[in-house]
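Asker: Sequence and predicted model, in that order:
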Amino acid sequence: MNIRIFKSADDIGKAAAMIFASQVLQKPNCLLGFATGSTPLPTYRQMIELYKSGIADYSSVTTFNLDEYIGFDGNHPQSYRYFMMQNLFNHINVKQENINVVSGIPNSNFEEVGKAYDQKIESLGGIDVQLLGIGHNGHVAFNEPSDHFSNGTHQVFLTNSTIEANKRFFEHADDVPRSAMSMGIASIMKARNIVLVSAGSDKATAIQAAVEGPITPECPASILQLHPSVTFMLDEGAASKL
Ligand code: GLP
């Protein structure tokens, strides 16, 4: 596990975007895994800059996102697909048909949807670099604290702490969907390289548990201690309890 500490969230973004740019240079048709939330935004801004300046070419890349709310289609402004289009995909040259966000259409056969998503990732050779954020309770994607580590992409139910944290994107807390589709812990752990970004002292407890605590599904991010190529990119606040 590599830990890198930066002065600011923007500095994290610059360094994380460089990791994606160098992956794309080495393997133009790579698979990149992306995350939503506020923390990845500086990374996405820098990826757009690297594209505009001609350094990174995403034309052969395939992307997979970690999760999606159940209840919204991809055109809904609160959907994660929409978030990704607005904050990254509309501004770089990734092909529309190479963008994958698991579907959160209600009343689907979620088991089948999840299985098909994982199979698609595998059939294309697996994710080369996966970006992750972390929730206050140590969740990654939407894998909430639990008594077991989840397997593949599946339906999840959000905890009150996650609903509370995510309500800032909605008018009312009641508008936050209660369930989502999420890559499972096993799907995430299959990525060849993982970059976890975290900024702010409000994440310090979760980061400490993930990095120094026991490996337990009560802190889903703690499983990353077992990953052979994971980098935690933190600001001083997020690293303050290490
Ligand atoms: C949501 C997402 C996670 C993300 C988390 C933290 O729950 N499903 O993937 O890591 O929010 O978001 P933020 O970076 O805004 O704190």
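Answerer: Cool, got the structure. As the structure is a computational prediction, the values presented were derived from the model and not from experiment.
Asker: wait, does the helix or strand of the chain with the lowest mean pLDDT contact the ligand?
Answerer: Least confident helix or strand, the chain: helix 160-166 with a mean of 90, by mean pLDDT, DSSP states H and E. Yes: Helix 160-166 is in contact with the ligand by CB under 6 Å from any ligand atom, via 162, 166. The C-beta positions use only the backbone N, C-alpha and C, and glycine is treated the same way.
Asker: can you give me the offset of that helix from its chain's centre?
Answerer: Counting by CA atoms, centre = their mean, to the nearest Å, helix 160-166 is centred 17 Å from the centre of its parent chain.
Asker: Give the rounded mean pLDDT of the helix or strand that it is followed by.
Answerer: Going down the chain from helix 160-166, the next helix or strand is strand 179-182, by DSSP states H and E. Mean pLDDT, strand 179-182: 96.
Asker: can you map out the helices along the protein?
Answerer: Taking DSSP state H, the helices of the chain run over residues 9-26, 41-52, 80-87, 110-123, 160-166, 185-189, 204-212.
Asker: need the residues of the protein near the ligand, please.
Answerer: 35-39, 66-67, 133-135, 141-142, 162, 166.
Asker: now residue 168: how far from residue 2?
Answerer: 30 Å (CB to CB, to the nearest Å).
Asker: Distance of the residue nearest to residue 215 when sequence neighbours are not counted relative to residue 140?
Answerer: Using CB to CB, 6 or more residues apart in numbering and skipping residues adjacent in sequence, the residue nearest residue 215 is residue 222, 4.7 Å away. Per CB to CB, residue 222 is found 10 Å from residue 140.
Asker: Please identify which of the two sits among more neighbours.
Answerer: Neighbour count, other CB atoms under 10 Å: between residue 222 and residue 140, residue 140 has more, with 28 against 21.
Asker: Identify the bridge partners of the more buried one.
Answerer: Beta-bridge pairing of residue 140 under DSSP bridges involves residue 143.
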